[in-house]
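Asks: let me see the structure of the following:
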Amino acid sequence: MSTVVLVHGTGVRRPGFSALAGRVTAGLTALRDDLCIVPYYWGGTHGAILAAGGASIPPETGGHRGIGSFPDTSAADHDVAAWAALYADPDAELVLAAAAAHGPNERPPGSALPEQRLQERLTTLMAEGGDIAPEWAPALAEAATRLRDHPLLGSAAAFLDPDEFTVLAARALVAQAVTRALDAGHPLVPDGRSRDELVDRLAHYLGAVPRGSERGLRTRLLGWAGTLASRAVLRRRHSLTHAAHPAAGDVLRYLCRGEGVRAELRTLVSGLEPPVTLIGHSLGGIIALDTLVATPLPQVRFLVTVGSQAPFLYESGSLPSLTHPQPLPPHVPEWLNVYDPRDVLSYVGARLFPGRITDAAVDSRQPFPAAHSAYWTNPGVYRLISERLP
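Replies: Numbering: from 1, shown residues only. Down below sits the predicted model:
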């Protein structure tokens, strides 16, 4: 008889744990009838809780009167939501304006295209961006190049008045620059005031009459839907935090105070007859690996991590039991690491532990985050594991 200890991942609580344990038991025993499945439920004792009932969650912005409070929360939500749409897609206003155009306008023969003046200024900006905002010069030059050659520029210019079109272009440039900074992990991103001042400077440089950036198409076409969503999230923050905190809180609590859960797992394993396999999903894989690295457990002959961040924590110096480039101790048993390339919370370890770990890819055909929880309904996962069980 071979024993399998199932170590669950972040955010799992009863009764969900019972359903998980039942599904894993059914999936493995259908392929191997000589298995004893032992679920290890650590979430109830060692999982994160909001001990004061959520006292750390800020109140809604409408009731907040501290430093930096918003006197007009509707306007603030509107503005933030509109910029969120632009950060998600810096071309959003441009696309909406082009879609609103009713076709090309008739122009006298030989007249300049409505976008031509802006394109000329964008070409100059590519060389002179440092004079407007030295710290943003490279990003603005790249954004200006992209915007100058955008295929929808002419349609948007035909729909909007020149000033509105120019301010739209300035916002698109700033949104593109900020988005690139965020993607690159830049530690400094302008606050709303600095961002709007940059929009104003750019709009004036591109030819708009200085009137400020709080106007135009963004308010009419981007704001309303995003504002409703933004307000809904803020008003639901308490319930959203209660729903989301177990996952994030479990990781933080484990990394700070993980010895209790490891000690409990060691005690459980010590009472089992070999051969024992540890199967850990997500944080459960980190717990299983840490436990095996820190203390030899001769009963354990096989380790399986599924959708786990253990290799990433090791490489980044965050794994409690082992720091790169320390090698995996000899007493750690054979290790199978199952990952889904679509699951951004799963990592591989073969290049970190050559010859000590086997990475096996599966495809749940689910996008993230569903991919992170779809392993246990994927028959391929059970086949991979059952074929290697001692």
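Asks: all contacts plus neighbour counts: C-alpha atoms, from now on.
Replies: Fine.
Asks: residues making contact with the helix or strand that residue 128 is a member of?
Replies: In this assignment (DSSP states H and E), residue 128 forms part of helix 116-132. With C-alpha atoms under 8 Å, 6 or more residues apart in numbering as the test, helix 116-132 has contacts from 136-138, 140-142, 144-145, 147-148, 166, 201-202, 205-207.
Asks: need the next SSE after it, C-terminal direction.
Replies: In the C-terminal direction from helix 116-132 (assignment by DSSP H and E), the next one is helix 137-148.
Asks: angle of that next one against helix 116-132?
Replies: 170 degrees (axes from the mean of the first three to the mean of the last three C-alpha atoms, to 10 degrees).
Asks: phi, psi of residue 361?
Replies: According to degrees, to the nearest 10, the main-chain angles of residue 361 amount to phi -90, psi 140.
Asks: isn't it right up against residue 343?
Replies: No. The criterion here is C-alpha atoms under 8 Å, and residue 361 misses it with residue 343 at 10.5 Å.
Asks: who has more neighbours out of the two?
Replies: Legend: neighbour count by other C-alpha atoms under 10 Å for residue 361 and residue 343, higher for residue 343 (22 against 16).
Asks: might one say that the more buried one is in contact with residue 369?
Replies: Yes. Using C-alpha under 8 Å, residue 343 is in contact with residue 369, at 6.8 Å.
Asks: part of a strand, is residue 21?
Replies: No. Under DSSP: H, G, I helix; E, B strand; the rest coil, residue 21 sits outside any strand and is assigned helix.
Asks: what sits against it?
Replies: 6, 39 are the contacts of residue 21 under C-alpha under 8 Å, 6+ apart.
Asks: how near is it to residue 139?
Replies: Relative to residue 139, residue 21 is positioned 50 Å away (C-alpha to C-alpha, to the nearest Å).
Asks: what helix or strand does residue 314 sit in?
Replies: Using DSSP H and E, residue 314 falls in helix 310-315.
Asks: where along the stretch 201-350 of the chain do the strands fall?
Replies: 276-281, 300-306, 334-339 (DSSP state E, counting those that start in this stretch).
Asks: residue closest to the middle of this structure?
Replies: Central residue of the chain (C-alpha atoms, centre = their mean): residue 344, 8.3 Å from the mean position.
Asks: name the nearest residue to that one, sequence neighbours excluded.
Replies: Nearest residue to residue 344, sequence neighbours excluded (C-alpha to C-alpha, 6 or more residues apart in numbering): residue 368, at 6.9 Å.
Asks: about what we covered before: tell me who's in contact with the residue nearest to the centre of the chain.
Replies: 368, 369, 372.
Asks: checking the first one next. Helix, strand or coil?
Replies: When you say that, I think you mean residue 368. Going by three-state DSSP: residue 368 is coil.
Asks: excluding its backbone neighbours, what's nearest residue 349?
Replies: Nearest one to residue 349, counting by C-alpha to C-alpha, 6+ apart, is residue 311 at 5.3 Å.
Asks: actually residue 377, not the one I typed
Replies: Residue 377 sits nearest to residue 23 (C-alpha to C-alpha, 6+ apart), 7.8 Å away.
Asks: now the residue nearest to the centre of the chain: how far from residue 308?
Replies: Residue 344 is 10 Å from residue 308, by C-alpha to C-alpha.
Asks: give me the neighbour count for residue 193.
Replies: What residue 193 shows, counting by other C-alpha under 10 Å, is a neighbour count of 9.
Asks: what's the angle from the helix or strand harbouring it to helix 137-148?
Replies: In this assignment (DSSP H and E), residue 193 forms part of helix 192-206. Per the same axes, to 10 degrees, the angle that helix 192-206 makes with helix 137-148 is 60 degrees.
Asks: contacting residues around the residue nearest to residue 344?
Replies: Contacts of residue 368 (C-alpha under 8 Å, 6+ apart): 342, 343, 344.
Asks: which one of those is nearest to residue 390?
Replies: Of all the contacts of residue 368, residue 343 has the smallest distance to residue 390: 27.6 Å, by C-alpha to C-alpha.
Asks: that closest one: what's it in contact with?
Replies: Per C-alpha under 8 Å, 6+ apart, neighbours of residue 343: 307, 367, 368, 369, 371, 372.
Asks: farthest pair in those?
Replies: 307 and 367 (13.7 Å).
Asks: what about the two, which has more around it?
Replies: Per other C-alpha under 10 Å, whichever of residue 307 and residue 367 has more neighbours is residue 307, with 29 against 13.
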